[in-house]
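S.K.: Got a predicted structure plus its sequence, pasted below:
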Amino acid sequence: MNWFVFCYWFEPDAPHDPVGLVRIWTLAEALTRAGDNVTVFPPRYRSALVPRSSAVIPIRLLHWPLIRPLSYTALSFLRGLWRALTARPDVVYYRWMDSPHALILAKLLRARCVCEVNGEPVPEWAGEREGLVRATRHWLARWALSRCDRVVVLTEGLKDLLVRRYAVSAERIAVLPSGTDTQLFVPRDAAACRRELGLPPDLPCIGFVGSFYRYQGLQCLLDAMVMVKQACPSAQLLLVGDGEAAAELKEQAQRAGLAASIRWSGRMPYDHVPLFIGAMTVCVAPFRADRGETSPVKIFDYLACGRPVVASAIPCVEATFGRGSGVELVPPDDPTVLAHAVIALLRDSARCGALGEQGRRFVEHQFSWAHIIEQLRVWLRDTEGPPHHAHSRVL
């Protein structure tokens with residue numbers, strides 16, 4: 001199949017290389033390895049200029065707040081039309097972005113349109129709580145999503161929301177959770193990874209990878225780290241990423257006396273992340289209770305590296321990571337319980353190893369990108385007829 005993939009993403013604190021496109025890059029690479037032809041139309045960030053196996057047509061943005069998304073919409077639509085003169089797509093795949101231009105392009109080119117929704121189309125935490133702008137965004141999402149040939153979501157909760165709030169027919173929705181590249185993310189020797197990063201090779205290390213947004217629960221993690229240090233004075237915290245909450249987190253760490261026990265690594269290229277995870281004894285995903293629907297890439301990556309994980313038991317995480325997944329679930333927003341779970345693992349190397357082995361098997365069998373992409377391609381082949389004959393399934 002020939003795919004056109006559209007994705008707009010902007011992070012105010014990282015305008016040059018936001019991390020929100022990781023899933024799209026991984027999707028494109030996996031489709032290419034499966035034998036399909038893929039052209040990605042991303043904003044012109046650094047990650048769009050890296051050589052890839054898929055074709056990439058970077059879209060220049062005009063970096064003014066209101067003009068930025070409009071510039072992507074107009075220019076990517078025109079570049080898509082131009083590209084179609086030599087490579088007409090079978091599938092136009094796009095991540096929802098408050099714009100139906102990819103859907104319109106698919107209709108013009110008589111291609112099938114698949115929209116990926118990886119969060120609430122009009123988030124409750126968005127700036128406008130009510131009024132004309134919010135109502136317009138809801139109407140636009142309802143209009144476009146109900147007209148796409150197929151819709152891909154990350155969780156069952158998102159599927160239910162689209163059916164209930166946006167009138168999307170359930171039989172046209174597939175649940176396609178995040179996955180991991182099990183060839184890139186592999187178990188490594190922890191001491192060797194720490195030496196490569198300049199860390200003491202024999203010290204226990206708790207780690208987090210991701211954007212520093214408040215819903216990640218990093219304030220709770222720092223509160224828990226105070227208790228971890230009391231029980232395990234040599235423990236170190238490795239934080240890989242950056243984001244809007246970075247300054248306040250560093251202030252919190254300073255007040256709590258944790259400054260000497262934390263390494264702030266900043267944002268890292270995705271292919272460097274396995275080295276950092278390899279240095280970790282225990283990995284954490286301390287989502288806040290109000291995080292909402294998610295299918296966190298970080299947990300799959302942690303598990304693929306053979307590391308035990310302590311994660312918040314929010315509904316969408318509980319639904320994916322049950323017994324035998326290598327994940328210890330704890331109540332969200334409770335630093336005491338989080339600390340106790342981490343301390344217990346730091347003191348039990350055998351259990352850490354067993355959970356790490358469970359996690360690696362878990363993702364290999366169900367959540368490798370090769371497996372997920374094959375399920376997506378089979379689903380599209382099996383539903384080539386009219387939408388009302390399709391069957392919803394979890395991929």
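M.R.: Received, thanks.
S.K.: use CA for all of it now, contacts and neighbours both
M.R.: Noted.
S.K.: Correct me if wrong: residue 225 contacts residue 339.
M.R.: Yes. The pair residue 225 / residue 339 is scored as a contact, 6.6 Å apart, by C-alpha atoms under 8 Å.
S.K.: Who has more neighbours out of these two?
M.R.: residue 225 (28 against 23; other C-alpha atoms under 10 Å).
S.K.: And the pLDDT for that one?
M.R.: Residue 225 is assigned a predicted lDDT (pLDDT) of 98.
S.K.: for residue 128, same thing?
M.R.: pLDDT at residue 128 comes out at 48.
S.K.: what does the domain assignment say about the protein?
M.R.: 2-179+369-394, 190-366 (automatic domain parsing).
S.K.: Where does the prediction get shaky in this structure?
M.R.: Counting by pLDDT under 70, the ranges of the chain that qualify are 11-20, 124-130, 383-395.
S.K.: which residues of it fall in helices?
M.R.: With DSSP state H as the criterion, the chain has helices at 22-33, 67-84, 101-109, 132-145, 156-166, 190-197, 218-231, 246-255, 273-278, 297-304, 315-320, 335-346, 349-366, 369-382.
S.K.: packing partners for the last one?
M.R.: Just to be clear, that refers to helix 369-382. helix 22-33 (3 or more C-alpha pairs under 8 Å, 6 or more residues apart in numbering; DSSP states H and E).
S.K.: do you know how far residue 86 is from residue 110?
M.R.: 15 Å (C-alpha to C-alpha, to the nearest Å).
S.K.: Likewise for residue 233?
M.R.: Applying C-alpha to C-alpha, the value for residue 233 to residue 110 is 63 Å.
S.K.: hang on, the earlier thing: could you single out the most deeply buried of the domains of the chain?
M.R.: Highest mean neighbour count among those (mean count of other C-alpha atoms under 10 Å): domain 190-366, with a mean of 19.
S.K.: Quick check: end-to-end length of that domain?
M.R.: For domain 190-366, the end-to-end distance is 25 Å (C-alpha to C-alpha).
S.K.: And stretch 324-344, by the same measure?
M.R.: 18 Å.
S.K.: One more: stretch 42-54?
M.R.: End-to-end distance for stretch 42-54: 12 Å, by C-alpha to C-alpha.
S.K.: chain center to that stretch: distance?
M.R.: Put simply, stretch 42-54 sits 18 Å off its chain's centre (C-alpha atoms, centre = their mean, to the nearest Å).
S.K.: Run through who's touching it.
M.R.: 6-9, 15-18, 28-29, 32, 37-40, 56-61, 72 (C-alpha atoms under 8 Å, 6 or more residues apart in numbering).
S.K.: If we use 7 Å, what do you get?
M.R.: Residues from elsewhere that reach stretch 42-54, judged by C-alpha atoms under 7 Å, 6 or more residues apart in numbering: 6-8, 16-17, 28-29, 32, 38-39, 56-61, 72.
S.K.: what does stretch 204-223 give?
M.R.: Against stretch 204-223 from outside (C-alpha under 7 Å, 6+ apart): 234-246, 249, 253, 280-288, 291, 298, 333-335, 346.
S.K.: Go again with 8 Å.
M.R.: Contacts of stretch 204-223 (C-alpha under 8 Å, 6+ apart): 19, 234-246, 249, 252-253, 273, 277, 279-288, 290-291, 298, 333-335, 338, 342, 346.
S.K.: Okay, and which of the residues you listed map to strands?
M.R.: Judged by DSSP state E, the subset of the contacts of stretch 204-223 located in strands is 236-240, 282-285.
S.K.: Isn't residue 180 up against residue 369?
M.R.: Yes. Between residue 180 and residue 369 a contact is recorded at 5.6 Å, counting by C-alpha under 8 Å.
S.K.: one step back: which one of the ones in strands among the contacts of stretch 204-223 sits closest to residue 160?
M.R.: The nearest member of the ones in strands among the contacts of stretch 204-223 to residue 160, counting by C-alpha to C-alpha, is residue 285 at 24.4 Å.
S.K.: what's the closest non-adjacent residue to that closest one?
M.R.: residue 311 (4.5 Å; C-alpha to C-alpha, 6 or more residues apart in numbering).
S.K.: And stretch 191-210, how far out from the chain middle?
M.R.: Using C-alpha atoms, centre = their mean, the offset of stretch 191-210 from its chain centre is 23 Å.
S.K.: measure that stretch end to end?
M.R.: 22 Å.
S.K.: Name all residues that make contact with residue 193.
M.R.: 201, 275-276, 278-279.
S.K.: Now the residues you listed in JSON lines, please, with extra columns for distance to residue 145.
M.R.: Shown next, in JSON lines, are the contacts of residue 193 (distance: C-alpha to C-alpha, whole Å):
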{"residue": "201", "distance to residue 145": "51"}
{"residue": "275", "distance to residue 145": "39"}
{"residue": "276", "distance to residue 145": "38"}
{"residue": "278", "distance to residue 145": "40"}
{"residue": "279", "distance to residue 145": "42"}
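S.K.: So which of those is the closest to residue 357?
M.R.: The closest of the contacts of residue 193, once distances to residue 357 are taken by C-alpha to C-alpha, is residue 278, at 13.6 Å.
S.K.: The closest one reaches residue 305, doesn't it?
M.R.: Yes. Between residue 278 and residue 305 there is a contact under C-alpha under 8 Å: 6.5 Å.
S.K.: quick one: common contacting residues for the two?
M.R.: In contact with both residue 278 and residue 305: 187-188, using C-alpha under 8 Å, 6+ apart.
S.K.: So residue 57 sits against residue 38, correct?
M.R.: No. At 10.8 Å, residue 57 does not count as touching residue 38 under the criterion of C-alpha under 8 Å.
S.K.: do you know how far residue 250 is from residue 362?
M.R.: 35 Å.
S.K.: swap in residue 247?
M.R.: 36 Å.
S.K.: quick one, what contacts the residue sitting nearest the centre point of the chain?
M.R.: Most central in the chain under C-alpha atoms, centre = their mean is residue 297, positioned 4.4 Å from the mean C-alpha point. Going by C-alpha under 8 Å, 6+ apart, residue 297 touches 23, 178-180.
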